[in-house]
Structures are given as C-alpha cells and as structure tokens.
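Trainee: Here's my sequence, what's the structure:
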Amino acid sequence: MNKPGAYWWKTTRCLPRWGACVTTPAKAHAIAPSSTRRWASILWNVFWATRPSSAAGNSQHPPPHPANACWSWARGHPASLPPTTWRAWDIRIPKYRLPREVLDAEVQRILDMGVTLKLNTKVTHIEQSMKEGSFDAAFLAVGAHIGKRAMIPAGDAAHIVDAVSVLRSMEGEDKPMLGRKVVVYGGGNTAVDVARTVKRMGAEPIIVYRRTRDKAPAHDFEIEEALQEGVMIKWLSTIKQAGDSSITIEKMALDDKGFPQPTGEFETLEADSVVLALGQDVDLSLLQGVPNLEIKDGTVQVSPNMMTGHPGIFAGGDMVPSERTVTVAVGHGKKAAHNIDAWLRGTTYQPAPKHELAEFGKLNPWYYSDADKTVRPMLDIIRRQSTFEEVQGGLDETTALFEARRCLSCGNCFECDNCYGVCPDNAVIKLGPGKRFEFKYDYCKGCGICVAECPCGAIKMVTEET
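Mentor: Numbers count the residues shown, from 1 in each chain. Predicted coordinates for the structure are as follows:
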C-alpha cells in the first residue's frame with residue numbers, strides 16, 4: 001500500500017535555476033532571489049553572529065578567496081588571506097554594478113570575524129609559502145586577470161590595450177586615456193563592462209563581435225542595458241586591421257551550419273583606441289614546480305572535493321574549469337571549506353542528500369494569490385550615461401518581504417494545515433509552530449488526499465514496506 005512518506009525537508013531557500021516558478025511559461029514573473037538575498041545580506045552585515053564552535057588545533061590554511069576564509073574560520077580553523085586578495089575581486093567589476101561600499105562592508109565583516117589578512121607580501125610559490133607559514137592546506141582562487149591577445153595587423157601608432165588593464169586602471173587615480181572613439185573587440189561580459197565604462201567617461205564606444213547576439217557570452221540583460229545607454233554594437237564583424245585613428249572591419253555571414261564566414265565586405269570605423277576583450281587567462285606562476293598538478297586548457301584540474309592532484313592544495317573560482325562569475329567563485333569557496341575541514345580532520349565530507357525537486361506539476365498554484373513581481377528601481381538613463389552610480393538598486397524592507405512572500409515554497413512545507421484539515425482518518429498530527437506535522441501510519445489508509453491537496457508538493461507517497 002502507498003502511504004505518505006516523510007516531508008521533503010529542504011532548507012527554506014529558492015533554487016533560481018530549478019524552482020517550479022522558473023520552469024514554467026510564466027518564469028518571467030518568478031521570484032527574484034538575488035533581490036531578497038541582497039536585503040538579507042544587509043541585515044546579516046548588521047547583525048552577524050557567526051562564531052566558531054571549537055578550535056581545531058593548530059591547523060591553518062591560507063585561502064585567497066574571502067568567502068572561503070569566512071566559511072573555514074566558522075568551522076573552527078584559523079584562516080589567513082594573502083595580500084593580493086584585498087580588493088581583488090572588484091578590479092574588473094565596474095562600480096555601477098558593484099558599489100564599493102557594499103563590497104567593503106562584506107569584506108570587513110569577514111575580517112571582523114577573525115580572519116587574518118596579510119598585506120604587502122605576494123605569494124610567488126605556493127609550496128614554499130605553505131612551508132614557511134606552517135600551513136596544512138591552501139585554497140587557491142587567484143582569478144583570471146591576464147587578457148588574451150589577438151593577431152591584428154596594426155601600425156606603430158595604433159593604440160591597442162586589453163580590457164583587464166582598462167578596468168583595473170579605473171580603480172586608481174590615473175584613468176586610461178582612450179580618446180573619444182573606442183572600439184571594444186569581444187562579446188562577453190567584460191567587453192560590455194568596458195563599453196559601458198568608457199561611455200560613462202564621455203567616450204563613444206562600439207563593440208565589434210564576430211557572431212550574432214544570441215551567441216554572445218554576455219548576459220542578454222547586460223547587452224540590453226548597454227544598448228539603452230547608447231553603446232553601438234556591430235554584430236557579425238571582425239577586425240582586419242588597426243591604424244592610428246581608424247580600424248577596418250570585415251562583415252561576416254552565417255553559413256548553412258550557423259557559423260560566421262567572411263564576406264569580403266569591409267567597413268572603416270573611427271577608432272582612437274582598440275580594447276581587446278577576448279577572454280582572460282590564469283596566472284599559474286605560483287604553481288611552478290608543484291608536483292602532481294594537472295593543467296589543462298590553462299586551468300587547474302580539481303577533483304569533486306575541489307582538491308588538486310597535490311594533497312592539501314585546493315583550488316576554485318576562475319582558475320578551475322567552471323563558469324566565471326562571482327556567484328560560482330563564492331560557491332567554490334564554501335564547497336572547498338567543507339572539504340578542507342574534512343581533509344584536515346582525516347575524514348571525507350559527505351553533503352546532505354538532495355531531495356527530489358518539486359516540479360510545477362506537483363504544486364497546487366490555485367492556493368496562491370496573484371502577486372506581481374517586485375520591480376527593482378533603475379537609475380535614469382542620463383545618470384547612467386554620465387555617472388558610476390549603481391544602475392539597479394536594491395529593495396527596501398517592505399518590498400523585500402513582499403517579494404519573499406511570493407515564493408511558492410516548492411517542496412518545502414510552510415504549515416498551511418491543508419493536510420491536517422483534509423485527512424479523513426485523523427492521521428496527521430500537528431507538532432506545533434515550526435515543527436510541522438507527523439503521520440500516524442496506524443490510522444492512515446493511503447488515500448493520498450493529503451498529497452493531492454498540498455499546495456507546495458511537500459508530501460510524497462511511498463510504497464509501504466511489508
């Protein structure tokens with residue numbers, strides 16, 4: 001006989017890629033987890049209360065990523081941050097996307113928790129640094145900060161620079177001198193960042209990309225915002241030659257397989273500078289001479305527990321094969337901290353088993369009232385074109401709470417009492433606020449009404465063992 005099984009006890013958090021609200025045709029109206037998490041992080045910065053539960057002897061490890069240091073310290077291990085970490089992850093992220101006061105507050109909170117930050121000492125060889133500092137483990141997340149070059153025929157007077165250098169120089173007092181007409185070569189987020197940045201500096205940027213918009217690596221909303229701000233984009237175009245005040249581009253056309261092919265049709269564009277945004281490589285010099293490491297396609301290969309081939313050296317972020325975003329890098333830091341903790345204790349980290357996802361077909365959406373998605377405030381276009389103020393603002397307390405209440409709580413019981421009310425056999429027992437419910441199988445006859453009436457799909461019928 002089938003009877004209701006245990007609840008799908010999931011943490012109360014949205015899964016933005018897999019939640020039922022984003023796997024339906026109405027996904028444009030899905031809850032915005034980034035908005036609500038931002039408000040929660042503001043509260044956390046004010047009321048943080050994480051403390052280490054216990055010390056772990058003299059075990060130490062120097063994780064270059066602040067998030068990893070935070071998680072490792074919270075698990076009871078002393079953690080140190082090398083000097084190149086401070087302000088490291090804002091050198092390529094423009095201020096209009098990541099306000100510096102927000103970043104500083106996040107980093108300062110981590111330092112206030114007890115993480116040690118060492119300044120003005122560059123790590124040139126990781127093995128040697130570990131021995132000198134008596135570190136048992138290390139987490140490397142040095143990022144990808146070396147701009148790739150392209151073989152473009154250019155005259156001696158042509159001004160060609162890489163995107164990473166341009167974005168890095170924006171943090172100092174000496175801003176880059178790029179001129180009035182700036183061509184950005186590439187189609188990723190870095191290319192869009194450079195174009196939007198130089199637009200705010202008063203220049204006239206043009207992005208040149210060899211493929212179509214739908215093939216561009218950049219997020220589509222970033223492309224749309226760039227177009228709104230007046231950035232011109234030349235799709236299906238490639239640079240053939242660069243001069244002192246102009247460039248020559250060749251227009252491309254898609255073949256039968258959808259690949260761009262040269263057409264022999266050329267166009268001349270004014271260009272005081274050409275910024276190459278063709279991707280970035282990782283500086284792996286600190287790993288020279290370290291045995292048992294596997295380097296492939298310019299990245300460090302790691303096992304599922306984030307450890308490299310050399311025992312005790314873990315890696316994450318842009319220097320391992322993965323999506324190159326801050327979100328992924330922070331996730332790597334958390335994952336690595338769990339595995340470093342287990343490795344230092346001589347055990348293996350076993351993550352909690354993931355529950356089956358509650359897809360849209362398992363929900364009863366008619367139980368929920370309609371509520372439009374909260375719109376985050378956008379800076380007006382004039383200020384977006386001339387200042388580095390944040391383009392998209394956050395939510396206040398009222399709107400953040402409203403947005404959070406729109407969550408369908410997929411697979412996560414929120415104690416609506418439906419199962420308790422509809423059970424004809426009084427087999428559902430209330431355990432009190434926050435404790436949810438218990439099924440008394442001696443009374444349950446397996447009718448399945450509770451499963452059918454659960455709004456969020458938190459109950460599952462399982463076959464009774466005989």
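
Trainee: Tell me how the protein divides into domains.
Mentor: Residue ranges for the structural domains of the chain, counted by automatic domain parsing, are given in the record as 2-30+357-379+409-463, 57-144+283-344, 146-280.

Trainee: what's the closest of the ones you listed to T387?
Mentor: Of all these, it is domain 146-280 that lies closest to T387, at 6.6 Å by C-beta to C-beta. Bear in mind the C-beta positions are built from the backbone N, C-alpha and C, glycine included.

Trainee: measure T197 to G133 for me?
Mentor: For T197, the distance to G133 under the criterion C-beta to C-beta, to the nearest Å works out to 37 Å.

Trainee: more neighbours, these two?
Mentor: Using other C-beta atoms under 10 Å as the criterion, T197 and G133 rank with T197 on top: 25 against 16.

Trainee: for the domains of the chain, which one sits closest to T36?
Mentor: Across the domains of the chain (criterion: C-beta to C-beta), the nearest stretch is domain 2-30+357-379+409-463, sitting at 8.0 Å.

Trainee: I'd like the mean pLDDT over the closest one, please.
Mentor: Averaged across domain 2-30+357-379+409-463, pLDDT comes to 78.

Trainee: And the strands in the stretch 201-350 of the chain?
Mentor: Secondary structure of the stretch 201-350 of the chain (DSSP state E, counting those that start in this stretch): strands located at 204-208, 232-234, 237-242, 246-254, 260-270, 273-276, 280-281, 295-296, 299-300, 313-315.

Trainee: Which of the ones you listed sits closest to W343?
Mentor: Nearest to W343 among those is strand 313-315 (8.2 Å), distances taken as C-beta to C-beta.

Trainee: Check which helices and strands that closest one is in contact with.
Mentor: In terms of contacts (3 or more C-beta pairs under 8 Å, 6 or more residues apart in numbering; DSSP states H and E), strand 313-315 is packed against strand 138-140, helix 326-344.

Trainee: what's the longest one packed up against?
Mentor: By that I understand helix 326-344. Counting by 3+ C-beta pairs under 8 Å, 6+ apart, the elements that helix 326-344 packs against turn out to be helix 66-74, strand 138-140, strand 313-315.

Trainee: List the buried residues in that helix.
Mentor: Burial within helix 326-344, assessed by neighbour count using 16 or more other C-beta atoms under 10 Å, is assigned to 329-333, 335-341, 343-344.

Trainee: what's next to stretch 378-398, contact-wise?
Mentor: By C-beta atoms under 8 Å, 6 or more residues apart in numbering, the list of residues contacting stretch 378-398 from outside reads 35-36, 38-39, 42, 94-97, 99, 199-200, 202, 225, 228-230, 374, 376-377, 400, 403.

Trainee: quick one, phi/psi of L379?
Mentor: Reported as degrees, to the nearest 10, the phi and psi values for L379 are phi -70, psi 140.

Trainee: Can you get me a residue count around it?
Mentor: Using other C-beta under 10 Å, L379 has 15 other residues around it.

Trainee: what about the nearest residue to G411 once chain neighbours are set aside, distance to A277?
Mentor: Here the nearest residue to G411 in space, its sequence neighbours aside, is A358; by C-beta to C-beta, 6 or more residues apart in numbering that works out to 3.3 Å. Look at A358 and A277: by C-beta to C-beta, they are 41 Å apart.

Trainee: again with C419
Mentor: As for C419, its distance to A277 is 54 Å (criterion: C-beta to C-beta).

Trainee: again with L103
Mentor: The separation that L103 has from A277, given C-beta to C-beta, amounts to 22 Å.

Trainee: Look at the two and report which has more neighbours.
Mentor: When L103 and A277 are compared on other C-beta under 10 Å, the one with more neighbours turns out to be A277, at 28 against 16.

Trainee: I figured that one hits G188, correct?
Mentor: Yes: shown here, A277 and G188 form a contact pair, counting by C-beta atoms under 8 Å, at 6.3 Å.
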